[in-house]
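Novice: pasted the sequence and its predicted model underneath.
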Amino acid sequence: MQDPTGALATWNVSTHFCTWDGVLCSNTSQQQQVKGLLLDSRQLKGALSPEIGNLLTLSYLNISNNIFHGSIPRELGKLASSLTHLDLSHNAFNDSVPASLANCTLLTFLDLNTNFLSGSFPEFITNFTQLSYLDLSSNSITGNTPRDIGLLSASLQFFQLYNTQLTGSIPRSLMNCSKLVWLDVSNSLLSEALPSDWTRLSSTLEELNLDNSGFSGNVPETLGNCTMLTVLHLHNNSLTGEIPSSLGELRSLQDLKLYYNHLSGPVPSSLTNCTHLVYFELSGNNLTGGIPEEIGRLSLVEWLTFSMNPLLEGSIPHSIDGCTQLRQLSLYQTNLEGVLPSSLFNLSKLERLSLEDCAFSGRLPELVGNLSSLSIKLDVSHNNFEGPIPAGLGKLSNLQGLYLQGNNFEGHLPHQLSELRSIIEMDVSCSLISGTIPTSFSRLASLSKLYIRNTQIAGPIPDIFADLQNLQVLDLSRNMLVGSIPQSLATLYNLELILDLSSNRLTGSIPSSFGNMVRLQEMHLSGNMFTGRIPSAFGGCVGMQILDLSHNRLEGDVPDALGEMISLEHLDMSHNRLSGSLPSSIGDLPKLISLNVSYNMLEGVIPENGVYRTLSASAFVGNPRLSMDSPLSRSRSSDERIHWKTRIISVLLAAIVTLYCLRYYMKRKEASALDLPLWRRVFMRRKKVSGLLEEGEEDRCSNLEVELRPWRL
Amino acid sequence: MFFVLILFRRTISGDALHSLRRSLSDPDNVLQSWDPTLVNPCTWFHVTCNQDNQVTRVDLGNSRLSGHLVPELGELKQLQYLELYKNQISGNIPEELGKLTNLISLDLYSNNLTGSIPESLGNLKSLIFLRLNNNKLTGQIPRALTNIKSLKVMDLSSNDFCGTIPVSGPFEHFPMKSFEGNPRLDGPELLGSVAYDSGCN
């Protein structure tokens, strides 16, 4: 055994063993005997010597939290007449529990958790009729749970078998263990229904952890008899049926987690009697009805989550401000509706408010500024809120995430938003807001992701980016922005992720300094009126995966240097006025999947190397002087099939052209608020190069921001 | 419906990042939003996911973090950008980072990292940016790194590397300042009929 920290430095033969560190002796008889070894957390390493079996008076052995490995020596069985407390937890023991341990029937405490023990559950433990504490968790034990665990009914108080590979069900005989205080079989492969009758455990059971397994069937009604319960964890299972209202009898309950099951029916109002609740989590079920009206009786609750219950309805009860300790309120992805009660804004300890994807309406009041503890996020996105964005939001100096997108907010962006000095992400997209982007946004120094897309925002892009050095995503697409790209944006070299200015009315040229955005992953400039040449400096953008310059007025050559953009996967330069011939360098780009240069004024011959070979005719169509006439015909096959395919293609092309013409004339009839040339609106219904779908000319957001809402696909 | 299943179980990436959080000391509470009870880490700040809810970026540069990196980082199979620069992180670079075959950028510069560069980093076939400068790394510069054709930016300066500097593959183009501040580094490897490698102790 190795002792790197010198914990056993006192263990030398010159002194009496009872003075050695970690050795506990009896001080009764003349002849001193070793009663116990307490050697936990000393970084001891090596095998546990079989000589341990010679300490025939040993009653207490604790070597927990070291690095012992190898098998548990069977010689421990020799300690049958003395050993009462055995703790080998948090080591690296492997192999199965030795059968000789069955002799140790005097054991009251047996803890082997967090090792690498294998084999099946040692059934002989059911003979340890004085066993009070049993923990075999976090091992690789397989097979069934011990059927006869009920034999320990007179003694067993702590039963822990979490994080194992045990299968089957909770043994019914466990329900006889009327002294049971703590039961944990979570994180297992156990399935099947829970035992139905918990009455015999009703006077002692304090903590019940059955989470993260495969339990099915109902939540047992008789759990309501276990009035000593403080923790009830049934989350992440497959439980069905209704939440029994008997759980309202659990007056000591502090932690109730039923989330991620298939529970149905209402939230029993009796649960508001559990006034000691700190954690009340029911999200991810199929609950119906509303939030109990008297929710405010839970004056100690800190985490209240009813989210992801799509049938949950009604409004937030006025009594909510009774929950004075509330830190997190999650109601997202429900059918909750109505106007937010003003009492909600008395919750001065609230750190996270998640109301997204519901049916809330009315205004977001200036009172929102009273939620002074809001730090992680305020998310009211995708509801039916209306009216102005309150300037009171500026008071939330700790707020990191502000999500207002997908509502009917209108009016101007209040300049007070620039006082959000902790803000990391802000999204005000898909709304009716108008006016300009406040120049005071230059103060948002910690801003990482800014989304102002699909609004009525107009005016120029302000020159505010010099101090926004943490910016990773800037999405100002689908607005009415005019003017050219300001200097501070042209030189924002640290921009790392996405720059999207598409579908605006921007003019001027594309700055060659964009070539210094070495790590930028996506650049979308399509649907504007950019002029001038494509800068060959783009060759420096070695991190860029998507470049979309389509639908502009760009002219000149396609630069050869684009062949240096080694990360490029999608390149769209269609619908411009590009001339000259296509550089073969682009064909050799190692990761390029799609290229679109259609509807330009390109000439010469299409190169035949690399990616060019795989592209279809649609990538090049609309370039009258581009020679499509290469031996590498766009559908390579025999001559006969070429003939047949050309026929089909020309019929399809004719049909498509007719369809577009029809659309063109239909669009002419509908006057649009957006003052865009007709030809552009016809082509606006298109799949974005990056794979995200757009929804044509509607003002509502589609569900694009997957990174903000992970449940959405 | 497959995606529904993803919702209802903890995810590997969430667990991996949670292991990282437990191993780091975070005085500014930049990891406050890293809530382990959420379905996946895609709503956490400083974490970016792709459309399939796979973690593609971890951005924790300049965040006053200390503590250690964890081998579980190797489980983030779609990770492209691992940005942990300008902190006080100590300990080794876990060899499990070699499993991140989609990694484009590995920025661990300006920390207190020790030990050597794991050979397994030679498996990072998509790597473009590798910046390990300003640490206390030792040992030889692994020759396996010469196999990463995409490597464009490398900075190993201000460490304690020894032996010779590779000259093949992407190393042909790295300027000498990528290696300065390594007093025990012997200079470029001489390729010829006689192998010249002073080695390290």
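Specialist: Sure thing, it's come through.
Novice: which stretches of chain B have low pLDDT?
Specialist: B:1-10, B:39, B:191-199, B:201 (pLDDT under 70).
Novice: can you give me the strands in it?
Specialist: Per DSSP state E, chain B carries strands over the ranges B:24-25, B:47-49, B:55-59, B:66-68, B:81-83, B:88-91, B:105-107, B:112-113, B:129-131, B:138-140, B:153-155, B:160-165, B:185-188.
Novice: same check on the stretch 251-400 of chain A?
Specialist: A:255-257, A:279-281, A:303-305, A:328-330, A:337-339, A:352-354, A:359-363, A:377-379, A:384-388 (DSSP state E, counting those that start in this stretch).
Novice: closest one to residue A:49 among the ones you listed?
Specialist: With Cβ to Cβ as the criterion, residue A:49 lies closest to strand A:255-257 of those, at 42.8 Å. Every residue, glycine included, has its C-beta placed from N, CA and C.
Novice: count of residues packed around the residue in chain B that chain A sits nearest to?
Specialist: Nearest residue of chain B to chain A: residue B:42, at 4.0 Å (Cβ to the nearest Cβ). Neighbours of residue B:42 under the rule other Cβ atoms under 10 Å in any protein chain shown: 23.
Novice: so it sits against residue B:51, correct?
Specialist: No: judged on Cβ atoms under 8 Å, residue B:42 makes no contact with residue B:51 at a distance of 10.3 Å.
Novice: how distant is stretch A:78-96 from the center of its chain?
Specialist: From the chain centre to the centre of stretch A:78-96 is a distance of 40 Å (Cα atoms, centre = their mean, to the nearest Å).
Novice: buried ones in that stretch, by neighbour count?
Specialist: Within stretch A:78-96, the residues that count as buried by 16 or more other Cβ atoms under 10 Å in any protein chain shown are A:78-80, A:82-91, A:93, A:96.
Novice: for it, measure first residue to last.
Specialist: 18 Å (Cα to Cα, to the nearest Å).
Novice: then stretch B:57-68?
Specialist: Per Cα to Cα, the first residue of stretch B:57-68 is 19 Å away from its last.
Novice: which parts of that stretch are buried?
Specialist: Neighbour counts over stretch B:57-68 (16+ other Cβ under 10 Å) mark B:57, B:58, B:59, B:60, B:61, B:63, B:65, B:67 as buried.
Novice: if we look at chain A, which of those residues are close to it?
Specialist: Taking Cβ under 8 Å from any Cβ of the partner chain as the test, chain A is in contact with B:57, B:59 out of the buried residues of stretch B:57-68.
Novice: including distance to residue B:163, could the buried residues of stretch B:57-68 go into a markdown table?
Specialist: Shown next, in a markdown table, are those (distance: Cβ to Cβ, whole Å):
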| residue | distance to residue B:163 |
| --- | --- |
| B:57 | 33 |
| B:58 | 31 |
| B:59 | 33 |
| B:60 | 31 |
| B:61 | 29 |
| B:63 | 33 |
| B:65 | 31 |
| B:67 | 29 |
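Novice: and of the buried residues of stretch B:57-68, the nearest to residue A:438?
Specialist: residue B:59 (25.7 Å).
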